[in-house]
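>>> This is a predicted model, with the sequence first.
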Amino acid sequence: ITNEEEAEELMDISGGFHDSYIREIKGIFGKPYEPEFETKYQVSFELYGNHFDIMMEFYDGVTINYTLNSHLNDIYLSCILFHEGSIYWLDGSDELLPIDIKDYPYISARKLRWKIIIRILC
């Protein structure tokens, strides 16, 4: 994701992550002597009512301000903001502004990419 249009496409496809939840957060940690292997965080969301899920990969300056607990955390609404060179995914509302970042759970990085994960139904 490099611009507002691409962020809006992800939000449209995911339904704003409405009624979804974070299924997995996986850290892939780079090696200091191999700069091409930078640290990444992959966040997998299970989307309610779809036959696919979304996996977002945050990399380059990742910050996580998100509390996970052992109970299922439903996401009601979320948004993506661009602020001071970083891309933020915020949980809590679809109408947040950069001033709101400190008040909501978020995951941010300078780079973000995503993909659809097809669920195999048996």
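Great, that's in hand. Numbers count the residues shown, from 1 in each chain.
>>> Helices of the protein, start to end?
Along the chain, counting by DSSP state H, helices occupy 4-14.
>>> pLDDT weak spots in it?
Applying pLDDT under 70 to the chain picks out residues 35-36, 69-72, 121-122.
>>> the strands in it, which residues?
Ranges of strands in the chain, per DSSP state E, are 20-28, 40-46, 52-59, 63-65, 74-75, 78-83, 86-91, 106-109, 111-118.
>>> May I see the ones you listed arranged in JSON lines, with distance to residue 9 as well?
Bear in mind the C-beta positions are built from the backbone N, C-alpha and C, glycine included. Below are the strands of the chain laid out as JSON lines (distance: least, C-beta to C-beta, whole Å):
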{"stretch": "strand 20-28", "distance to residue 9": "17"}
{"stretch": "strand 40-46", "distance to residue 9": "16"}
{"stretch": "strand 52-59", "distance to residue 9": "12"}
{"stretch": "strand 63-65", "distance to residue 9": "24"}
{"stretch": "strand 74-75", "distance to residue 9": "18"}
{"stretch": "strand 78-83", "distance to residue 9": "10"}
{"stretch": "strand 86-91", "distance to residue 9": "14"}
{"stretch": "strand 106-109", "distance to residue 9": "18"}
{"stretch": "strand 111-118", "distance to residue 9": "10"}
